[in-house]
Structure formats: structure tokens, C-alpha cells
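Peer 1: everything below, folded, please.
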Amino acid sequence: MTIPLIDIIALSWFMFCWVGYSFFARKRAKTYYSLSNILCTLRVEWMNAVVHKEHHIADAALVGNVERTVTFFASSTIFVLAGVLTVIASNDAFVRVLEQLPFTTQQSHGLVLLKLAGIAGIMVFAFFKFTWAVRQFGFVSILLGMAPSISRPTVEKAERDAFSLNAAKVLDQAGHEYNYGLRAYYFALAYLCWFVSPWLFITASIIVTAVLYRREYNSRVLRALLASQGLEPGPKSTTSE
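Peer 2: Now for the predicted structure:
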């Protein structure tokens, strides 16, 4: 099977946008305010508040709600993957449908199979991210169950601080894994455009990257979250670190 050069370029550009943005976002978050670092700060404050409460029922309920949401995405990913495998089994019929669509470029059965295998790979990646996030949210629930409460005055302040910091780290890692899974869904939508045209695929990859960047660094919800800490979007000030 010979893959057209434009399809190779489109796929390479897609991977560059996805992987490149992931590295870019991780590095930029160290010097600029973003959703990831402000949420990390809020999670630390949340766990600091936990160790000064007598009961943690409400906190466990909040973690449970998020865990159920992530579980929903993990289950949905399995259904999407099953659908993709079904389409692979009936590749000939799928190719005939594509040929009837307007503005769809001519493509071989082998190339369509390759594209379907790619979308299946993205769903597998998302499934692993979501399930790992579910497990980590479960770890947070366990930590909340044994959290030192204010009713235990024998617990030293250093022990409370160590617990809150480490619990926040686990919660933050769970949030990151959830975010990686959602990001895979975003780029999967761009990937679907490849079935229509490689040029549309390239354009969709750019649009998805721009949307992710705006939401991470210049969205209204980011401004609201930063305002709760007296901050504004932009470079991180040295006094806030």
C-alpha cells in the first residue's frame, strides 16, 4: 500500500500538534498562569482545609462525583472503540459511504483501514488515561478516609501539612490524567476530518490546538479561578511562588 505524500504530511502535522502542544503546555505552565497550575494551587488549599475539618463526608462526595464522570468517559471510550472495530470489519461498505460524500478525496481500502486503526489507537490511549484517572481518584477517596481531622489534637502540624501536600499531589495527578484523556477526544475529532480530506485534517488539527490553548491560558473560567486568588492571566509573578 502506497500512502500519498499529502496524507503523510497531514498525519505528521497532527502528531506534531498533539505531542508538541502537550510538551508546550507543560513547559509554559511553569512560567504562565494556566488552568493546570491554578487548579493545582486550589487542590492544595482544598486538602489543607480537609485536615482542619472534623468530618470529610462532603469532600468524599465531591471526589466521588468527579470519579463517576471520568468513569462515564472510560465506558464511552469502550463503546466508541467497539464501533470502530465494527467499521473495520465492514471496511468495504464504509469506503462506499465515503465515496458518496461530497468533497471526499479518493482513497484506497488500505488507507481507510490505516485511518481506522489510528482512531482505534487514539481511543485505546484515552481509555488507559481515563481508567488510570479513575484509580487515582479512588486513591484520593482512601486518603480522605484516613485524613487527620481537627478532632485529633495529638496529630502534629507537620504531619497535617505533609498529608495535605501529598493528598493534593495525588488529586492533581488524577486531574492531569483526566485532562490527557479529554485532550485525546479533542484530537480524535480532528482526526475524523482525515476521512474527508488531508487538507481538512491539517486545518482541524490547527483549530483544535488553538481551542485548547485559549481555554488553558485565556478563557473566562481561568480568569475567574485566578481572580479567586487575586491573580490575572499572564506571566507568573515571583511573589506568588
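
Peer 1: from here on, contacts and neighbour counts on C-alpha atoms
Peer 2: Noted.

Peer 1: residue ranges in this protein under the pLDDT threshold?
Peer 2: For the chain, the stretches flagged by pLDDT under 70 are 1, 150-155, 238-241.

Peer 1: if you set the cut-off to 50 instead, what comes out?
Peer 2: Along the chain, the parts satisfying pLDDT under 50 run over 239-241.

Peer 1: residue ranges for the helices of it, please.
Peer 2: Ranges of helices in the chain, per DSSP state H, are 5-28, 35-50, 57-89, 91-100, 109-145, 157-192, 198-217, 220-227.

Peer 1: how about Lys30, what does it touch?
Peer 2: Contact analysis of Lys30 by Cα atoms under 8 Å, 6 or more residues apart in numbering lists Asn37.

Peer 1: so what does it look like in phi/psi?
Peer 2: phi -80, psi -20 (degrees, to the nearest 10).

Peer 1: please tell me how far it sits from Tyr185.
Peer 2: 25 Å (Cα to Cα, to the nearest Å).

Peer 1: do the same with Leu171
Peer 2: From Leu171 to Tyr185 the distance is 22 Å (Cα to Cα).

Peer 1: higher neighbour count, the two?
Peer 2: Leu171 (24 against 18; other Cα atoms under 10 Å).

Peer 1: circling back: who wins for proximity to Gly234 among the helices of the chain?
Peer 2: With Cα to Cα as the criterion, Gly234 lies closest to helix 198-217 of the helices of the chain, at 7.9 Å.

Peer 1: check which helices and strands the closest one is in contact with.
Peer 2: helix 5-28, helix 35-50, helix 157-192 (3 or more Cα pairs under 8 Å, 6 or more residues apart in numbering; DSSP states H and E).

Peer 1: all set, thanks.
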